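> Here you go, sequence then predicted model.
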Amino acid sequence: MSERELDLDHLIEAAGRSFGKAQDDMGLPDGMSTGMVISEAELDLKVGFRFEGSRLAVEPISAAAAARGGVSPDSVSSIKVRYVATRNELPPEKKPTRSEEDVVREVNGRKDVAQLAGVLGSLRVNTRYVPDLKLWAARVEDEKGRTIRTLNIQDRP
């Protein structure tokens, strides 16, 4: 690995630590949690890359180097890393009464979803509980990741 190259895993780990340190250094008022400050962050890099054994080595490409013409546009790749803050656990009053598996079974058992599966083939159901609304948001996707159907399902036993 050259002096300017980094292992991709190390780069992502270092970026995560950097976002965490930025949250800690914001100088928040008393009683405010740093977990509420950065809810989402995105890192977009232009890099050259190559495999170093089984590891992916990346070399960041500066805007100045690209502007000088020292970099072939065909050799540049983009890496986009998105960090999303999540809570560790919901308070008891915000927890769902149904399990995610139960909701997925309900969605897969719907007549319209079964008919779509018959036409499009294998479908995947992604769910997320929305505590403030006490409902489950479900997204049905085809094998290519395209959204086929979105559903809101009440969280009731």
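Arrived safely. Residues are numbered from 1 along each chain as shown.

> Flag the shaky bits of the chain, pLDDT-wise.
1-2, 23-39, 70-74, 84-90 (pLDDT under 70).

> swap the cut-off to 50 and go again
1, 36 (pLDDT under 50).

> mind listing what the residue nearest the centre of it touches?
Nearest to the mean C-alpha position of the chain, counting by CA atoms, centre = their mean, stands residue 82 at 6.0 Å. When contacts are counted by CB atoms under 8 Å, 6 or more residues apart in numbering, residue 82 touches 40-43. C-beta coordinates here come from the backbone N, C-alpha and C atoms, glycine included.

> Pull out the buried residues from the host helix or strand of it.
Using DSSP states H and E, residue 82 falls within strand 77-84. For strand 77-84, a neighbour-count test (16 or more other CB atoms under 10 Å) marks residue 79 as buried.

> can you check stretch 107-117 too?
Under the neighbour-count criterion of 16+ other CB under 10 Å, stretch 107-117 has 107, 113, 116 buried.

> distance between that stretch and the chain's centre?
27 Å (CA atoms, centre = their mean, to the nearest Å).

> Among the buried residues of stretch 107-117, which one sits closest to residue 138?
residue 107 (5.0 Å; CB to CB).

> That closest one is in what secondary structure piece?
helix 100-109.

> Name the residues that touch whichever helix or strand comes after that helix?
Downstream of helix 100-109, the first helix or strand assigned by DSSP H and E is helix 111-120. With contact meaning CB under 8 Å, 6+ apart, helix 111-120 is reached by 107-108, 123, 125, 140, 142-143, 148-149.

> Need the max-distance pair from these.
Longest span within these, CB to CB: 107 and 143, 16.6 Å.

> Show me how this protein divides into domains.
6-84, 92-154 (automatic domain parsing).

> I'd like to check the angle between the longest helix belonging to the chain and strand 77-84, please.
Ranked by number of residues, the top helix in the chain under DSSP state H is helix 8-24. Orientation check (axes from the mean of the first three to the mean of the last three CA atoms, to 10 degrees): helix 8-24 against strand 77-84 gives 40 degrees.
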